[in-house]
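*Asks:* I'd like to go over a predicted model; first the sequence, then the structure.
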Amino acid sequence: MSELIKTVIQLLEDKTINVFIGYGKGTANRIRATFTRTAEQAELLIYNDACTQNLAGYLLKHEVKKLGKLGILANVAALRSMMQLASEFQIKDGEVLALFPNADGTFTEFTNFSSIEAYLETTDVGIKSGEQELITRLEAMSVKERWLFWNKEFEKCIKCYACRAACPMCYCHRCTTDVNIPQWIPVASHEIGNLDYHLMRAMHLAGRCVNCGECANACPMDIPLNLLTYQLIQPIQETFGATAGMKADAVYALSTYKPDDKENFII
Amino acid sequence: MEKELKILKYSDLPKLIERFRKQGYPVLAPVHKGKVVEIELVESLDAVALDVLLSTQSAKKVAFPKVEKVLDYTIGKTAVKQIPVNPEACLETILFGVRPCDASGFKSLDAIFGDTPKDELYLKKKEKTTIISFSCPTADEYCFCTSVGGGPGNTAGSDLQFTEISKDELLLEILTEKGAKLASIFAELLAEARKDIDKNKFLADVKVVFDVDSVVEKTTASFNNTDLWLEQSLRCIGCGACAFVCPTCACFDFQDEQNTKKGVRLRLWDSCGFSLFTLHTSGHNPREVQSQRWRQRIMHKFAYMPEQLKVVGCEGCGRCSRACPVDMNIKEHLTAIGEKVVV
């Protein structure tokens, strides 16, 4: 029996947790999120290189929360999501138990925020090299070229909102795009409606995105939406010295004023 | 009309699109767009993705697009003047290179939009669309058309259907008057088909996995089985990808876009998977949680539509499962509800 299965069975038996959000075998060679509540279900847990989904989004799903105390198999992106959610008062310290998969096949148990913060301090949380290359290529484009690139991508958008649904940071009960008095964003999936929606979403994730890439993975139309939010990571770091999802008590860069904030953006 | 069988040389296939275009028909067909395959206007056969199993989205947008203007209006001092879109204004269109499940998918849409009150915008577009499908030589593990009454060579909904019977030859089935009219454009390219051609030999083997009658019966009886719907949908994140790629999902929303003088009313795709879908102005939501929305999706297709419209609202194309970011697989879930068929 794998260490993961043994650990989860133990956690369930001693009632440390009531449900464990992990990975199981899906259909057509896919991996899917599973919600383990019994030892029998725990036997079906797996962990391998294909288990990449950031499961932290499920921590705020009403019907999952109702199952009881949560445990989660948390990769780096999920740990950072937890820190960001904590800083936005969405989860409390000690409320969620995280099992982190180490490279050597063992699992580290994180039961409080300070241990996660300490771990993240020693971890590379940068953007993956392949994705960084794409961002560099985008940044090298002229404004017009970049505008054309994104317009072409957004043409494909059908506004299924899979990006928003998959994003652990998109938890608003009523998203700006769904507000109709006043109507900020056109509902239609036409040129303006698509552009407004994606720009609004990117702005709302500036300084909050933990670069997990779930938005792009979820998109059925293969739009590289992650590049949009990734491009905002560096400017926020350079301007405010802030990186999302590192500290549970972080204050949000874009809603905080400090006397020594740079004001070079004011024309 | 009685079905006619003909043979077309594969090398003559490009001429069809050339001639359709020359006669002024817009031709829509699956086209490669990076990793996705979209149904778009084409000018020649080169652009058509005949090698793919299925386009990412279904063909429904031909008659039911994601954004559709239904009327213009002007705002006067005392009255609002409405100018509805004329349903007759749409063009005779050819839908080329789609699969049998795309063609038969219109059966559900026809039933929905043809119900009272009739939806002329959809019905006229559909009436003016001629569908040329290609039967399926291959299938993948998401396909389950044979479990819902279809098949890789199903001709329902198609006006013409091609089947590749060798590297050089296509079998053409002329199925409707509309199809015959179109076939007359390339009649001299056609040869009589040999009587001994067995089309089934050239089709994918798609195994029946569940008994659809038992799915309909059990779905209808399972409304209150909250555990069933919860267990199936715990990982569902509530996006609309499944509904928007589906050939039979027909829910829509209306939105007005206007300034102080004039505006347009638009019809837009909507999805029962969205939390906002049934939210009342009062704040009450009869489908408050995702499991209730998942139940609605399945019950609409397998309980309400069979009961009210006498059609099952699913073609077994599997697009919803391929598009789902979290592996909600409808074939698996329907098999769990109904009776398994072991072949």
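*Replies:* All right, it came through fine. Residues are numbered from 1 along each chain as shown, chains lettered A, B, ... in the order given.
*Asks:* any residues of the stretch 1-150 of chain B in contact with chain A? List them.
*Replies:* B:K33, B:G34, B:K35, B:V36, B:E38, B:T56, B:Q57, B:K66, B:V67, B:D140, B:E141, B:Y142 (Cβ under 8 Å from any Cβ of the partner chain). Backbone N, C-alpha and C define where each C-beta goes, glycine included.
*Asks:* so the closest residue to A:N102 other than its chain neighbours is in which element?
*Replies:* With sequence-adjacent residues excluded and distances taken as Cβ to Cβ, 6 or more residues apart in numbering or on different chains, A:N102 is closest to A:T108, at 6.0 Å. Element membership for A:T108, per DSSP states H and E: strand A:107-110.
*Asks:* residues in contact with residue 144?
*Replies:* With no chain named, the answer covers chain A. When contacts are counted by Cβ atoms under 8 Å, 6 or more residues apart in numbering or on different chains, A:K144 is found next to no other residue.
*Asks:* my question was about chain B
*Replies:* The neighbours of B:F144, taking Cβ under 8 Å, 6+ apart as the test, are B:V206, B:V209, B:F210, B:G316, B:G318, B:K331, B:L334.
*Asks:* make JSON lines from these and add pLDDT to it.
*Replies:* Converted to JSON lines, those look like this (pLDDT from 0 to 100):
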{"residue": "B:V206", "pLDDT": "97"}
{"residue": "B:V209", "pLDDT": "96"}
{"residue": "B:F210", "pLDDT": "96"}
{"residue": "B:G316", "pLDDT": "98"}
{"residue": "B:G318", "pLDDT": "98"}
{"residue": "B:K331", "pLDDT": "97"}
{"residue": "B:L334", "pLDDT": "97"}
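*Asks:* where along chain A do the strands fall?
*Replies:* With DSSP state E, the ranges of strands along chain A come out as A:19-25, A:31-36, A:70-73, A:96-101, A:107-110.
*Asks:* tell me the most buried of those?
*Replies:* Mean neighbour count, computed with mean count of other Cβ atoms under 10 Å in any protein chain shown, is highest for strand A:70-73 among those, reaching a mean of 24.
*Asks:* pull up the pairing partners for it, direction included.
*Replies:* Sheet pairing here is set by DSSP bridges, and for strand A:70-73 it gives strand A:19-25 (parallel), strand A:96-101 (parallel).
*Asks:* a markdown table for those strands, including mean pLDDT?
*Replies:* A markdown table is the format used below for the strands paired with strand A:70-73 (pLDDT from 0 to 100):
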| stretch | mean pLDDT |
| --- | --- |
| strand A:19-25 | 98 |
| strand A:96-101 | 98 |
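*Asks:* please name the bridge partners of the residue nearest to A:N102.
*Replies:* Note on A:T108: beta-bridge partners by DSSP bridges are A:F100.
*Asks:* you'd agree it is up against A:A118?
*Replies:* No: in this structure A:T108 lies outside contact range of A:A118 using Cβ atoms under 8 Å: 11.1 Å.
*Asks:* need the pLDDT of residue 199.
*Replies:* Picked chain A for this. According to the model's per-residue confidence, A:L199 sits at a pLDDT of 95.
*Asks:* the intended chain is chain B.
*Replies:* Value for B:K199, per-residue pLDDT: 96.
*Asks:* strands of the stretch 151-300 of chain B, residue ranges please.
*Replies:* When secondary structure is read from DSSP state E, counting those that start in this stretch, the stretch 151-300 of chain B shows strands at B:160-164, B:169-174, B:190-192, B:210-211, B:252-258, B:262-269.
*Asks:* tell me the mean pLDDT over the third one?
*Replies:* I take that to be strand B:190-192. Mean pLDDT, taken over the full extent of strand B:190-192, equals 97.
*Asks:* got the contact list for that strand?
*Replies:* Identification of contacts with strand B:190-192 by Cβ under 8 Å, 6+ apart yields B:L5, B:K6, B:I7, B:L8, B:L172, B:A183.
*Asks:* go on, the last one?
*Replies:* The set of residues external to strand B:262-269 that reach it, using Cβ under 8 Å, 6+ apart, is A:158-159, A:187-189, B:66-75, B:121, B:240, B:243-244, B:249, B:251-258.
*Asks:* list the buried residues in it.
*Replies:* Of the residues in strand B:262-269, those buried by neighbour count under the rule 16 or more other Cβ atoms under 10 Å in any protein chain shown are B:G263, B:V264, B:R265, B:L266, B:R267, B:L268, B:W269.
*Asks:* taking those together, which two end up most distant?
*Replies:* Put simply, by Cβ to Cβ the two of the buried residues of strand B:262-269 set farthest apart are B:G263 and B:W269, 20.2 Å from each other.
*Asks:* ok, B:K3 - contacts?
*Replies:* If a contact means Cβ under 8 Å, 6+ apart, then B:K3 has B:T155, B:E173, B:I174, B:L175 as its contacts.
*Asks:* just put those in JSON lines and tack on distance to A:V125, neighbour count and pLDDT.
*Replies:* Formatted as JSON lines, those follow (distance: Cβ to Cβ, whole Å; neighbours: other Cβ atoms under 10 Å in any protein chain shown; pLDDT from 0 to 100):
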{"residue": "B:T155", "distance to A:V125": "56", "neighbour count": "20", "pLDDT": "98"}
{"residue": "B:E173", "distance to A:V125": "59", "neighbour count": "21", "pLDDT": "98"}
{"residue": "B:I174", "distance to A:V125": "62", "neighbour count": "22", "pLDDT": "98"}
{"residue": "B:L175", "distance to A:V125": "59", "neighbour count": "23", "pLDDT": "98"}
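*Asks:* just the closest of those to chain A, please.
*Replies:* Top of the list for closeness to chain A, among the contacts of B:K3 and by Cβ to the nearest Cβ, is B:T155 at 27.9 Å.
*Asks:* what's the distance between the closest one and B:F64?
*Replies:* 22 Å (Cβ to Cβ, to the nearest Å).
*Asks:* sorry, back to before: ok, and the most crowded of the contacts of B:F144?
*Replies:* The most crowded member of these, judged by other Cβ atoms under 10 Å in any protein chain shown, is B:G316 (27 neighbours).
*Asks:* element containing that residue?
*Replies:* In this structure, B:G316 is located outside every helix and strand according to DSSP H and E.
*Asks:* would you agree it is in contact with B:C101?
*Replies:* Yes: the pair formed by B:G316 and B:C101 meets the contact definition of Cβ under 8 Å, at 6.5 Å.
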